[in-house]
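In: output the structure for:
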Amino acid sequence: MGKVMCPRCGEAGYLESYEVAGRRYLRVVHGRGKSRKRCYIGPAGDYEHAELLLALGLTNVMDVDYALVAENAVRRFIQEVRLRRFSESKKALIDRVEALVRTLQHLIEELGELEEDLLRDLEAEEREGE
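Out: I've put the predicted structure just below:
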């Protein structure tokens, strides 16, 4: 199968499907020969990309740092596009990158507004404390 970004370790590898006791599973194979490493992904057909969120090593759902999740997601997107640039349509990749850039630009504007609101709140709290 084709080259992919491993959702477990973040390294490039090849997606491999295999069968055990009549069930199909997926794993990503890294390296070649005796030095190769395999990362188990899950049952074929049942796998969802929730592993990308779990790659942070969280111990509790309440521990989610959404800023870190977002940053990691964008970094992985960049890595994935770099991996696919030689095997997929450049136009399709450009469209995906442009769409994400537009979305991120809007989100950055919202974050700027949120920061301004928080600064105003902080200034108001400091004035009340005087």
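
In: middle-most residue in this protein, spatially?
Out: Ala73 (3.0 Å; CA atoms, centre = their mean).

In: for burial, what's the neighbour tally of His106?
Out: By other CB atoms under 10 Å, the residues close to His106 number 9. C-betas here are computed from N, CA, C, even on glycine.

In: if I look at the residue nearest to the centre of the chain, how far off is Glu80?
Out: According to CB to CB, to the nearest Å, Ala73 stands 10 Å off from Glu80.

In: where do the strands sit along the chain?
Out: 3-5, 12-20, 23-30, 37-43 (DSSP state E).

In: so which of those strands gets nearest Asp95?
Out: Distance to Asp95, taken as CB to CB, is lowest for strand 3-5 among the strands of the chain, at 19.2 Å.

In: contacting residues around the closest one?
Out: 11-15, 28, 76, 79-80, 83, 87 (CB atoms under 8 Å, 6 or more residues apart in numbering).

In: rerun that using 7 Å as the cut-off
Out: Residues external to strand 3-5 that are found in contact with it (CB atoms under 7 Å, 6 or more residues apart in numbering): 12-15, 28, 76, 79-80, 83.

In: what's the farthest-apart pair in these?
Out: Farthest apart among those by CB to CB are Tyr14 and Arg76. That separation is 17.2 Å.

In: how far does stretch 99-108 sit from the chain's center?
Out: Relative to the centre of its chain, stretch 99-108 is centred 16 Å away, using CA atoms, centre = their mean, to the nearest Å.
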